[in-house]
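Peer 1: Let's see this in three dimensions:
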Amino acid sequence: PRPPWELDGALFVPDVAPYQLTKLRLLNGSHSALAHLGLAVGSTTIADEMAADWGERLVRALCAEIAPTLPAGGPDTGAYADDLVARFRNPAMRHLLRQIGSDASLKITERWLPALRELRGQPPLRDLQRGVGADLPQQMPHRGVAEARDEVVGVRARIGAARRERRGDLRAQCPH
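Peer 2: Numbers count the residues shown, from 1 in each chain. Predicted coordinates for the structure are as follows:
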């Protein structure tokens, strides 16, 4: 026996992987995007960002853009985006941008890059200046997501090459 969790909305599914990936890419991915953009303009919480007229559009655009990278069998991405918007707007949640934005090198690598890699064969991700980010504050630097992705991928490639080189140097120095 167990409590009837399904009566309060819990889902029992044959495969949790599509749900985990949806959470990682849509919820965590948009959370990170809002946090970094919000920190750049001096905001404090996710709810602050959702109060700006671009916050909801950013979340919905990111969800729509990333949805094709999610496997079948997961939640409906449109309904999921609706739930995210409602959740992120709730000021009682007090999601602090500085906390969400911490450890960005780890979080972004996990939340954005795999989806961006999958989308490489498709047209570039929409530029923030077109539509979603048109009314972001002017002091923020505007760059296309595809341009930023290419830069991050390039940095990761250089880091990987440096690591491989270092491992080779260490192997050469250590007797086997």
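Peer 1: where does the chain dip in pLDDT?
Peer 2: 121-160, 162-163, 166-176 (pLDDT under 70).
Peer 1: let's go with 80 and repeat that
Peer 2: 121-176 (pLDDT under 80).
Peer 1: Spell out, range by range, the helices that occur in it.
Peer 2: Using DSSP state H, the helices of the chain run over 17-22, 29-40, 46-51, 55-66, 77-89, 97-100, 104-111, 113-119, 145-173.
Peer 1: Turn these into TSV, including mean neighbour count and distance to Asp8.
Peer 2: (C-beta placed from N, C-alpha, C; glycine too.) Listed next are these as TSV, based on neighbours: other CB atoms under 10 Å; distance: least, CB to CB, whole Å:
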stretch	mean neighbour count	distance to Asp8
helix 17-22	16	17
helix 29-40	21	24
helix 46-51	21	24
helix 55-66	21	24
helix 77-89	16	15
helix 97-100	17	26
helix 104-111	15	28
helix 113-119	17	31
helix 145-173	12	37
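Peer 1: Quick check on Asp15: phi, psi?
Peer 2: Here is the backbone geometry of Asp15 (degrees, to the nearest 10): phi -140, psi 120.
Peer 1: With adjacent residues omitted, what lies nearest to it?
Peer 2: Spatial nearest neighbour of Asp15, excluding adjacent residues (CB to CB, 6 or more residues apart in numbering): Gly73 at 5.9 Å.
Peer 1: right, and that neighbour touches Pro18 too?
Peer 2: Yes: counting by CB atoms under 8 Å, Pro18 is a contact partner of Gly73 at 4.6 Å.
Peer 1: thinking again about what came up before, got a markdown table for the helices of the chain, with distance to Trp5 too?
Peer 2: Below are the helices of the chain laid out as a markdown table (distance: least, CB to CB, whole Å):
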| stretch | distance to Trp5 |
| --- | --- |
| helix 17-22 | 15 |
| helix 29-40 | 25 |
| helix 46-51 | 27 |
| helix 55-66 | 26 |
| helix 77-89 | 18 |
| helix 97-100 | 27 |
| helix 104-111 | 27 |
| helix 113-119 | 30 |
| helix 145-173 | 37 |
